[in-house]
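Undergrad: Output the structure for:
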Amino acid sequence: MSQSCHMTAMVVCKPAFGIVSKVAFRFFSSAVFPRKIEKMVKDSNSCITRLLFCGPNFPASNKYTREYLQNYPFIQVDDSSFEDVPDVIADYDMCIVKSMRLDSNIISRANKMKLIMQFGVGLEGVDINAATKCGIKVARIASGETGNAASCAEMAIYLMLGLLRKQKEMQISLKQKIVGEPIGDTLFGKTVFIMGFGNIGIDLAKRLRPFGVRILATKRSWASQSLNSSQSNGFPTPNDNADELVDEKGGHEAIYDFASSADIVVCCLRLNSETAAIIDKKFISSMRKGGLLINIARGGLMDYEAVAYHLESGHLGGLGTDVTWTEPFNPDDQILKFQNVIVTPHVAGVTEHSYRSMAKVVGDIALQLHAGAPLTGLEFVN
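TA: Numbering: from 1, shown residues only. Now for the predicted structure:
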């Protein structure tokens, strides 16, 4: 293994019943499981469960997971450069993909792999069919239970307010010692179109309500959804339907009509073959002139040329995006020259609350995997 793959210290784990049973009792109520796990460890040639974080991005994910697992020496947490992942992945039982692309070639090398998961929700970089053929489970962490959805919703509002109050122009006024400019706008009274009403969309709608906005939203199915799906966001969760947060609901066919009626469009969609570049020239042209576009999902949902063209023409009143077409984004890209553009480095979900919560999920899954227990607390996609 090359030096670019950071490894924790190797620990030879003795088959001590005290350590293993402590983990077992954490996840199971029956005393049968500790005895089963003790025998499993004693019979095993190696009792180290190895967990790999892929690539250097989102470093707090690795750090917080190590901290959570620091008292469990039989779990080894490593991180590797993108370049080294294909060479080292065969040694691991579980990997966190982050922004790494795991294609069929890389997955075929993962001989010991039992689980590929995301530190969050996006799995567009994983060849799920290849993983399935190799008998590897693929999963994401539900955003509603970890505070990730709440964090992303807050970022969406930050981007809205930053554009409405002309954040970049305010910095210019400070440098030029101008007082009382620029003239901004309020969120109050605006119509906001949430495109993709999942956990993040729901949390966003709850936070937008006190601003006095009208909310439009689209999703594939409007089957009743309880607000109790998101318990960790600090908001009360009555037994009302999440649908009731929305003033007007629609399916995919309504996106152009809703875009034409909205002052602000917020993209909360998952990226897949159906949604890639969905924000194209046709869509932006359908938006109200001067409307704002917010993206807290994936950069690939936006067509770059369409966004640049409509910013240049003035039809698009502003762009606030936490995600870009390539990451890291080129700091000299022409889109950044516009005063009505705010770009942040994919940090919508990167908060102390959400990352500690997701690190706990990853750590608990590693412990379950080590114990040979059923994996719980994830959304499996295969």
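Undergrad: Look up which helix or strand residue 194 falls in, please.
TA: strand 191-195 (DSSP states H and E).
Undergrad: What pairs with that strand, parallel or antiparallel?
TA: strand 214-218 (parallel), strand 264-267 (parallel) (DSSP bridges).
Undergrad: what's the neighbour count on the nearest residue to residue 376 once chain neighbours are set aside?
TA: Among residues not flanking residue 376 along the chain, residue 368 sits closest, at 6.9 Å (CB to CB, 6 or more residues apart in numbering). Just so you know, the C-beta spots here come from the backbone N, C-alpha and C atoms, and that holds for glycine as well. Per other CB atoms under 10 Å, the neighbour tally for residue 368 reads 22.
Undergrad: returning to that earlier point: moving C-terminal from the strand holding residue 194, which element do we reach first?
TA: helix 199-208.
Undergrad: which residues sit against that next one?
TA: Contacts with helix 199-208, where a contact means CB atoms under 8 Å, 6 or more residues apart in numbering, come from 142-144, 148-150, 152-154, 156-157, 187, 192, 194, 197, 215, 217, 219, 225, 227, 229-230, 233, 235, 242, 245-246, 266, 268, 296-297.
Undergrad: quick revisit: now the strand holding residue 194: how far from the chain's centre is it?
TA: 20 Å (CA atoms, centre = their mean, to the nearest Å).
Undergrad: tell me the angle it makes with helix 199-208.
TA: 160 degrees (axes from the mean of the first three to the mean of the last three CA atoms, to 10 degrees).
Undergrad: Does residue 155 belong to a helix, a strand or coil?
TA: Here residue 155 is recorded as helix under DSSP: H, G, I helix; E, B strand; the rest coil.
Undergrad: Spell out the residue ranges of the strands in the chain.
TA: 49-54, 75-80, 94-96, 115-117, 137-140, 191-195, 214-218, 248-250, 264-267, 291-295, 316-321, 341-343, 379-380 (DSSP state E).
Undergrad: Turn those strands into JSON lines, including mean pLDDT.
TA: Below are the strands of the chain laid out as JSON lines (pLDDT from 0 to 100):
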{"stretch": "strand 49-54", "mean pLDDT": "97"}
{"stretch": "strand 75-80", "mean pLDDT": "97"}
{"stretch": "strand 94-96", "mean pLDDT": "98"}
{"stretch": "strand 115-117", "mean pLDDT": "98"}
{"stretch": "strand 137-140", "mean pLDDT": "97"}
{"stretch": "strand 191-195", "mean pLDDT": "98"}
{"stretch": "strand 214-218", "mean pLDDT": "98"}
{"stretch": "strand 248-250", "mean pLDDT": "96"}
{"stretch": "strand 264-267", "mean pLDDT": "98"}
{"stretch": "strand 291-295", "mean pLDDT": "98"}
{"stretch": "strand 316-321", "mean pLDDT": "98"}
{"stretch": "strand 341-343", "mean pLDDT": "98"}
{"stretch": "strand 379-380", "mean pLDDT": "95"}
